[in-house]
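Colleague: okay, sequence plus prediction incoming.
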Amino acid sequence: MLLFTIVYDDKPKQNQNNEIDIDEKIFKRLARDDMSALDELYAITERTMYAYSVSLTRDHQMALDLMQDTYVKILSAAHLYKPMGKPLAWMFTIAKNLHYSNTRKNKRSIPMEPEEVEDDRRFSYVIDMDDRIVLEGVLSLLTEEEREIVMLHAVSGLKHKEIAEGLGLNLSTTLSKYHRALKKLREYLEGKEARA
């Protein structure tokens with residue numbers, strides 16, 4: 001059984017322009033069971049894949065499980081990868097398909113009431129209460145696509161162009177959804193402050 005440990009680094013492995021640079025030849029190496037290629041791919045993409053996974057699952061532990069399943073699937077399907085200049089989009093597709101498959105299999109959803117966040121163990125790794133409120137807002141108020149865009153931009157630092165390519169959206173659509181999501185969050189946080 002293959003297990004991964006998330007190690008958060010303030011500086012993700014990205015090029016000078018802060019873009020994720022995945023050499024597509026890495027999938028050929030993976031297809032030959034080159035485990036150093038898996039280590040390299042993980043080092044380059046783990047922060048982005050975590051952000052994407054948590055946007056889908058709305059749960060830290062489930063996101064870690066989804067990441068592990070995704071990297072295992074990438075390893076087993078690397079021989080099927082067709083170089084098209086969008087390796088991150090391929091990885092996102094695998095993660096999303098695994099998530100939907102798991103959701104159908106488990107036939108359960110994760111409802112979240114605003115009052116639950118303070119004692120919710122799913123967010124026990126978030127110490128700062130303000131961060132918990134923002135995380136609650138992201139996970140409960142936003143649509144799935146808005147969550148994906150906000151988390152990929154805020155957590156992994158991807159540029160909107162990269163997010164658009166990875167999710168298969170137009171840049172203008174991505175920017176529009178991002179700004180709409182920020183407006184929702186701003187209104188949510190202003191409402192929290194007014195009630196406090």
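Modeller: Sure, I can see it. Numbering: from 1, shown residues only.

Colleague: low-confidence regions, this protein specifically.
Modeller: Filtered on pLDDT under 70, the chain yields the residue ranges 1-19, 107-138, 192-196.

Colleague: max-length helix in it?
Modeller: helix 171-195 (DSSP state H).

Colleague: which residues touch the spatially most central residue of the chain?
Modeller: For the chain, the residue nearest the mean C-alpha position is Tyr52 (1.2 Å; C-alpha atoms, centre = their mean). Counting by C-beta atoms under 8 Å, 6 or more residues apart in numbering, Tyr52 touches Phe92, Ala95, Glu148, Met151, Leu152, Ser156. Using the backbone N, CA and C atoms, a C-beta is placed for each residue, glycine as well.

Colleague: once you drop chain neighbours, what's closest to the second one?
Modeller: In this case it means Ala95. Excluding its sequence neighbours, the residue lying closest to Ala95 (C-beta to C-beta, 6 or more residues apart in numbering) is Thr70, at 4.4 Å.

Colleague: touching, the one you found and Ile94? I think so.
Modeller: Yes - using C-beta atoms under 8 Å, Thr70 makes contact with Ile94 at a distance of 5.4 Å.

Colleague: which residue ranges form the helices in this structure?
Modeller: Taking DSSP H as the test, the helices found in the chain are 25-31, 35-57, 60-77, 87-106, 129-141, 144-154, 160-167, 171-195.

Colleague: circling back: nearest to Gly166 among the contacts of Tyr52?
Modeller: Phe92 (5.3 Å; C-beta to C-beta).

Colleague: how near is the closest residue to the closest one other than its chain neighbours to Ala89?
Modeller: In space, and not counting its chain neighbours, Phe92 is closest to Gly166: 5.3 Å by C-beta to C-beta, 6+ apart. From Gly166 across to Ala89, the span is 5 Å (C-beta to C-beta, to the nearest Å).

Colleague: Leu66 and His99 touch, don't they?
Modeller: Yes - using C-beta under 8 Å, Leu66 makes contact with His99 at a distance of 5.7 Å.

Colleague: shared neighbours of the two, anything?
Modeller: Common neighbours of Leu66 and His99 (criterion: C-beta under 8 Å, 6+ apart): Ser53, Leu56, Thr57.

Colleague: turn those residues into a markdown table, including neighbour count.
Modeller: As requested, the shared contacts of Leu66 and His99 are exported to a markdown table (neighbours: other C-beta atoms under 10 Å):
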| residue | neighbour count |
| --- | --- |
| Ser53 | 26 |
| Leu56 | 22 |
| Thr57 | 22 |
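
Colleague: would you mind listing the buried residues in stretch 144-160?
Modeller: By neighbour count with 16 or more other C-beta atoms under 10 Å, stretch 144-160 contains the buried residues 146-153, 155-160.

Colleague: picking up where we left off before, out of Gly166 and Ala89, which sits in the busier spot?
Modeller: Gly166 (24 against 16; other C-beta atoms under 10 Å).

Colleague: what's the distance between the more buried one and Arg104?
Modeller: Counting by C-beta to C-beta - Gly166 and Arg104 are separated by 23 Å.
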